[in-house]
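J.: got a sequence here, can you build the structure:
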Amino acid sequence: MPASVATALYAIFIIWLFKLERDQESLVSPALWIPVLWFSIGASRMVSMWFGGIGQSAMPTVSAQLEEGSVVDRLIFTGLLLAGLAVLARRGRQTNEVLGANWIILLFFLYAAASILWSDYSFVSFKRWSKAVGNVVMVFLILTEPDSNAAIKSLLARASFLLIPTSVLLIKYYPDYGRVYNQFTGQAEYIGVHTGKNGLAMICLILGFGALWRVIEALKIPDRSYKKRHLIAHGAILGMALWLLYMAHSAAALGCAFIGSGLVWLTGLRRRAVKPLTLHMAVVAIMCICVYGIIVDTNVGLVQAVGRDATLTDRTSLWHDLARVDINPWFGTGFESFWLGERLELMGAKYWWQPNQAHNGYLELYLNLGWAGIFLQAILIVWGYRNISNSLREGEELAGLKLTLFVVALIFNLTEATFKVVSPMWIVFLLAVSIVPRRDNQDDQLSVGVPEPKKVVSF
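T.: Sure, this is the predicted structure:
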């Protein structure tokens, strides 16, 4: 089939998917498109990359390119950030409630802002912090929607309709965009809309779990029209996400897929089918096994079971070298400042695959924000898990999906650093742990046969 014909057919297919999802559109405001665009750009490539790096200055080194960035991308992110802030300002009362309920998230990002002061690259650090705080703006914009659960579902659905079919299209009909070739082995790596196979696998995990949850939800709804439309739309996305996950061949994503699917199944059962204590024990056991098999002792067979060697493709050597780098152990090098200048060049000279991240989200936090950052992240994780546990107990509609995304984010960051800038994994983690305050005025709550969102109890 000619690429032009395939493009037209995929465009029609995407429009059809949006039509099948039309009942959710009445539950959210047009402003939701702001976080959808933010999320979709973060989950794919910067806009300038689609046009051959337009707006990117010609720099002699990778480090200089990372420092300079793209003017076009900067303008787009700034525009979306200002638009999001404007919407939050108009939603004054709801915004204040969300800010007050989620002050721990604000504390983490305030400390990150303070770390700019001791960064070797303060201006670059500030630009990256501005993008990262944009994640918080987008999350709070979603939480201040009249129906935050419908907003989360629409965010994941819209992003999946845009990114998943387009990834399939690029891999099959536009290989110059959808594939790269390993410079040492010559083997093709499938990247879709992203810049790397692990990035493609990450968005397939997030959007795939969203689609799986919607399929399970649709099966419980008696309305045949609703059930049919959503089974078709989200079933198609789920099938394509599974195919893309297979093509990406990411060991970390494969393991997370098995674990996340199990959690979706457990939490998708009837409320009394699984006791809370059993679920907590399952989560703790999963985390302990993953940490031991991936971090403590890679020879126990866990990484080998998903087709990787004990070095995790040289990650263990990188971790060892990064742990010995001379930085301030308490405060780090400053927000998103470690992989700049001489440090980036030094690691690039030693490792053929040119690392620009620690391939461990917790080590990455330590390098940039020190033990203080690790401590605040630990508080955020514990606080977030308690919020999710409370939402499960209260019977919140999306509590099971939030738990799944929360656990998958923690595990994925054992081998990839995604607690950073505009990573979609960081965005859904913040969405999962956030509190949605009770609204006294329920006049704008709408329903289409799905459960009304309930309060998440705060500690």
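
J.: ok, which stretches of the stretch 251-400 of the chain are helices?
T.: 251-267, 276-291, 302-305, 315-323, 341-350, 361-394, 399-412 (DSSP state H, counting those that start in this stretch).

J.: quick one: contacts of the second one?
T.: In this case it means helix 276-291. With CB atoms under 8 Å, 6 or more residues apart in numbering as the contact definition, helix 276-291 has outside contacts at 255, 259, 263, 266-267, 302, 385, 389, 392-393, 403, 407, 410-411, 414. C-beta: built from backbone N, CA, C; applies to glycine.

J.: so which pair among those is furthest apart in space?
T.: Spatial extent of the contacts of helix 276-291 (CB to CB) is set by the pair L302 and R393 at 31.4 Å.

J.: more neighbours, the two?
T.: L302 (17 against 13; other CB atoms under 10 Å).

J.: show me the contacts for the more buried one.
T.: Residues near L302 by CB under 8 Å, 6+ apart: 289-290, 292-294.

J.: can you pick the most crowded of these?
T.: Neighbour counts for the contacts of L302, by other CB under 10 Å, peak at I294, which reaches 22 neighbours.

J.: name the nearest residue to it, ignoring sequence neighbours.
T.: Spatial nearest neighbour of I294, excluding adjacent residues (CB to CB, 6 or more residues apart in numbering): L414 at 4.8 Å.

J.: immediately after the helix or strand of the chain at the bottom of the mean pLDDT ranking, which helix or strand?
T.: Lowest on mean pLDDT, DSSP states H and E among the helices and strands of the chain sits helix 62-68, with a mean of 53. Scanning forward in sequence from helix 62-68 by DSSP states H and E, the next helix or strand is helix 71-90.

J.: elements contacting that following helix?
T.: Under the contact definition 3 or more CB pairs under 8 Å, 6 or more residues apart in numbering; DSSP states H and E, helix 71-90 sits against helix 33-42, helix 47-50, helix 122-143.

J.: now with 10 Å, please.
T.: Counting contacts by 3 or more CB pairs under 10 Å, 6 or more residues apart in numbering; DSSP states H and E, helix 71-90 packs against helix 33-42, helix 47-50, helix 92-101, helix 122-143.

J.: the second one: which residues count as buried?
T.: What that stands for is helix 47-50. Within helix 47-50, the residues scored as buried using 16 or more other CB atoms under 10 Å are 47-49.

J.: now do that helix, average pLDDT.
T.: The average pLDDT within helix 47-50 is 87.

J.: and that helix, how far out from the chain's middle?
T.: When distances are taken as CA atoms, centre = their mean, to the nearest Å, helix 47-50 is centred 20 Å away from the chain's centroid.

J.: again, but for the third one
T.: Helix 92-101 has its C-alpha centroid displaced from the chain centroid by 24 Å (CA atoms, centre = their mean).

J.: sorry, back to before: kindly supply the PyMOL command isolating those of the contacts of helix 276-291 that are buried.
T.: Applying 16+ other CB under 10 Å to these, the buried members can be selected in PyMOL as follows:
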select buried, resi 255+259+263+266+267+302+385+389+392+403+407+410+411+414
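
J.: so which of the contacts of helix 276-291 comes closest to L99?
T.: Y385 (21.2 Å).

J.: how close does A8 get to Y292?
T.: A8 is 51 Å from Y292, where distance means CB to CB, to the nearest Å.

J.: and the residue nearest to I294, that's in a strand?
T.: No - according to DSSP: H, G, I helix; E, B strand; the rest coil, L414 belongs to no strand; its state is coil.

J.: so it sits against G293, correct?
T.: Yes - look at L414 against G293 with CB atoms under 10 Å: they come within range, at 9.4 Å.

J.: any residues in contact with both of those two?
T.: G255 (CB atoms under 10 Å, 6 or more residues apart in numbering).

J.: element containing V180?
T.: Per DSSP H and E, V180 falls inside strand 179-181.

J.: and that strand, what does it pack against?
T.: helix 148-173, strand 188-190.

J.: most tightly surrounded among the ones you listed?
T.: With neighbours taken as mean count of other CB atoms under 10 Å, those reach their highest mean count in helix 148-173, at a mean of 24.

J.: can you give me the neighbour number for V325?
T.: Based on other CB under 10 Å, the number of other residues close to V325 is 12.

J.: got a pLDDT number for it?
T.: pLDDT, V325: 92.

J.: quick one: it and R343 touch, right?
T.: Yes - between V325 and R343 there is a contact under CB under 10 Å: 6.9 Å.

J.: where do the contact lists of the two overlap?
T.: Joint contacts of V325 and R343 (CB under 10 Å, 6+ apart) are 333, 367.

J.: partners of the strand holding V180 in the sheet?
T.: Its sheet considered, strand 179-181 pairs with strand 188-190 (antiparallel) by DSSP bridges.

J.: show me where the stretch 251-400 of the chain dips below the pLDDT cut-off.
T.: Within the stretch 251-400 of the chain, the stretches with pLDDT under 70 are 269-274.

J.: mind redoing it with 50?
T.: By pLDDT under 50, the low-scoring segments of the stretch 251-400 of the chain are 271.

J.: in stretch 241-258, what counts as buried?
T.: Neighbour counts over stretch 241-258 (16+ other CB under 10 Å) mark 241, 243-245, 247-257 as buried.

J.: between those residues, which is closest to W319?
T.: Closest to W319, out of all of the buried residues of stretch 241-258 and judged by CB to CB, is A252, at 14.6 Å.

J.: how about the nearest residue to the closest one, chain neighbours excluded?
T.: Spatial nearest neighbour of A252, excluding adjacent residues (CB to CB, 6+ apart): T415 at 4.5 Å.

J.: before we move on, what about L392?
T.: A399 (4.4 Å).

J.: next: D309.
T.: Once flanking residues are discounted, D309 sits nearest to V303: 7.4 Å by CB to CB, 6+ apart.

J.: so the one you found makes contact with G255?
T.: Yes - shown here, V303 and G255 form a contact pair, counting by CB under 10 Å, at 8.6 Å.

J.: who touches both of those two?
T.: Common neighbours of V303 and G255, counting by CB under 10 Å, 6+ apart, are 293-294, 415.

J.: distance of N413 relative to Q357?
T.: 11 Å.

J.: neighbour count winner among the two?
T.: When N413 and Q357 are compared for neighbours, N413 comes out ahead with 26 against 16, by other CB under 10 Å.

J.: what is the neighbour count of the closest residue to that one other than its chain neighbours?
T.: Using CB to CB, 6+ apart and skipping residues adjacent in sequence, the residue nearest N413 is G361, 2.9 Å away. Here the count is done by other CB under 10 Å, and G361 has 25 residues near it.

J.: which ones are touching G361?
T.: Taking CB under 10 Å, 6+ apart, one finds 377, 409-410, 412-420, 423, 425-426, 429 in contact with G361.

J.: quick one: which of those residues is nearest I237?
T.: The closest of the contacts of G361, once distances to I237 are taken by CB to CB, is M425, at 18.2 Å.

J.: tell me the secondary structure at that closest one.
T.: Going by three-state DSSP: M425 is helix.

J.: what sits against it?
T.: M425 neighbours (CB under 10 Å, 6+ apart): 42-43, 199, 202-203, 205-206, 361, 405, 408-409, 412-413, 416-419.
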